[in-house]
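A.B. asks: With the sequence up front, the predicted model follows.
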Protein chains: 2
Amino acid sequence: MPEDTFLSLQPALLGFFINAPRYAYDLSREFEHDLGRVWRLGRSLMYAQLKELAEQGYLAMDVVTQPNRPARKIYYLTDAGRIRFAQWLNQPTMHIRNIRVEFLVRLYFFRTLNLPGLQELVTKQKAVLGEMEDALEKNAGDIQDDYWRLVVDFRLGQIRAVQQWLELCLQTV
Amino acid sequence: MPEDTFLSLQPALLGFFINAPRYAYDLSREFEHDLGRVWRLGRSLMYAQLKELAEQGYLAMDVVTQPNRPARKIYYLTDAGRIRFAQWLNQPTMHIRNIRVEFLVRLYFFRTLNLPGLQELVTKQKAVLGEMEDALEKNAGDIQDDYWRLVVDFRLGQIRAVQQWLELCLQTV
DNA sequence: AGAATCATGTAAGGGGTTACATGATTCG
DNA sequence: CGAATCATGTAACCCCTTACATGATTCT
């Protein structure tokens, strides 16, 4: 998807290290099980991502050698990583098309890590969606073109569906 | 957007050649004006895509030299191209996340080229969406996990919003 | 005996974006 | 006189996917 913005999901991986150090292979299995249907991330890429997060200083690494196996590279969170994750987690996503995966992943962490702040995040996210709506409706005002109006209506429909879902989300949690 | 399927938009470009031959620069300007807010496609990529479509036999090319300018490469539709476009146009999109751009682009062509068959396409698209719904609701039955239920509800919300929009679409046209 | 699991990755490829190159002409 | 337009692209880069490599162990 080729467009003006991209998914910001790399910091999300840090969440898996909150409770304990992990190595990539192990994490990849759990990841696939828990989030595989929401966020697809192949094993190869997992290795690469953890390496990158380490280069950025959010993870640090211990190497544990074992007989007859490749050495395990066990990653753990640094302080910077802990901060980065918290920051990522509590940020609303700015683009509708990313909400599906980004918000659902955030929700996953709020639940599995039993973290506070979901309500605030939902509030922020609703505000962002509200702004999107306003922006669309504003330039929907000067639409004489039927086609562009349909485009706008499509987007409004998607946004409003998300807003309703966010309500449901609050009730469930 | 890295996932299990990809956008099928290349054949859509053929639609711009239905009424007249074009060259890439010219097309790129019109494209940006008409569809720029729905489908982003840089000029460089336009050149590459037309070249590819020509290699695939859907477009053919004449070179028109002009003084003091690079030669114009004017592309026109082949019979194969005409068929390919019609086939693409009347196909529903199979993945929710692609509907926004694919369906809206199809709609654009139905309108600007004044083509018949939109109603049939909408019917097919609704059927596809109905199947998605069923599939989700089926394995929503054996959900005890709250999280997975929210994921399913999110998707159902998006699907239903599209279904409603499709109705609106029929009324407008 | 053959397949899957454990554990690491590398390499190649796909498909798109951004930046850069060229060179005349016309606009402000 | 400098910037934008016309018209073509190429090249580098980014990010992700798929395929492949290794080599012991355990499951069927």
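C.D. replies: Done, it's in. This one's a predicted model, so the numbers in the text were calculated from it and none came from an experiment. Numbering: from 1, shown residues only, chains lettered A, B, ... in the order given.

A.B. asks: going forward, measure contacts and count neighbours with C-alpha atoms only.
C.D. replies: Will do.

A.B. asks: In chain A, which residue is most central in space?
C.D. replies: Nearest to the mean C-alpha position of chain A, by Cα atoms, centre = their mean, lies A:Glu102 at 3.0 Å.

A.B. asks: I'd like the distance between it and DNA strand C.
C.D. replies: Using Cα to the nearest atom of the strand, to the nearest Å, we find A:Glu102 at a distance of 20 Å from DNA strand C.

A.B. asks: Report the inter-axis angle for the helix or strand hosting that residue versus helix B:96-112.
C.D. replies: Take DSSP states H and E as the rule and A:Glu102 turns out to sit in helix A:96-112. Taking axes from the mean of the first three to the mean of the last three Cα atoms, to 10 degrees, one finds helix A:96-112 and helix B:96-112 inclined to each other by 160 degrees.

A.B. asks: Run through the neighbouring helices and strands of helix A:96-112.
C.D. replies: helix A:118-141, helix B:146-172 (3 or more Cα pairs under 8 Å, 6 or more residues apart in numbering or on different chains; DSSP states H and E).

A.B. asks: and the last one, does that touch chain A?
C.D. replies: Yes - if you take Cα under 8 Å from any Cα of the partner chain as the test, helix B:146-172 does meet chain A, through B:146-147, B:150-151, B:153-154, B:157-158, B:161-162, B:165, B:169, B:172.

A.B. asks: Save the residues you listed as JSON lines, and put in pLDDT and neighbour count too.
C.D. replies: Converted to JSON lines, the residues of helix B:146-172 next to chain A look like this (pLDDT from 0 to 100; neighbours: other Cα atoms under 10 Å in any protein chain shown):
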{"residue": "B:Asp146", "pLDDT": "90", "neighbour count": "13"}
{"residue": "B:Tyr147", "pLDDT": "94", "neighbour count": "19"}
{"residue": "B:Leu150", "pLDDT": "95", "neighbour count": "19"}
{"residue": "B:Val151", "pLDDT": "95", "neighbour count": "23"}
{"residue": "B:Asp153", "pLDDT": "96", "neighbour count": "18"}
{"residue": "B:Phe154", "pLDDT": "97", "neighbour count": "20"}
{"residue": "B:Gly157", "pLDDT": "97", "neighbour count": "21"}
{"residue": "B:Gln158", "pLDDT": "97", "neighbour count": "20"}
{"residue": "B:Ala161", "pLDDT": "98", "neighbour count": "20"}
{"residue": "B:Val162", "pLDDT": "98", "neighbour count": "23"}
{"residue": "B:Trp165", "pLDDT": "98", "neighbour count": "20"}
{"residue": "B:Cys169", "pLDDT": "93", "neighbour count": "20"}
{"residue": "B:Thr172", "pLDDT": "87", "neighbour count": "11"}
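
A.B. asks: Many thanks, we can stop here.
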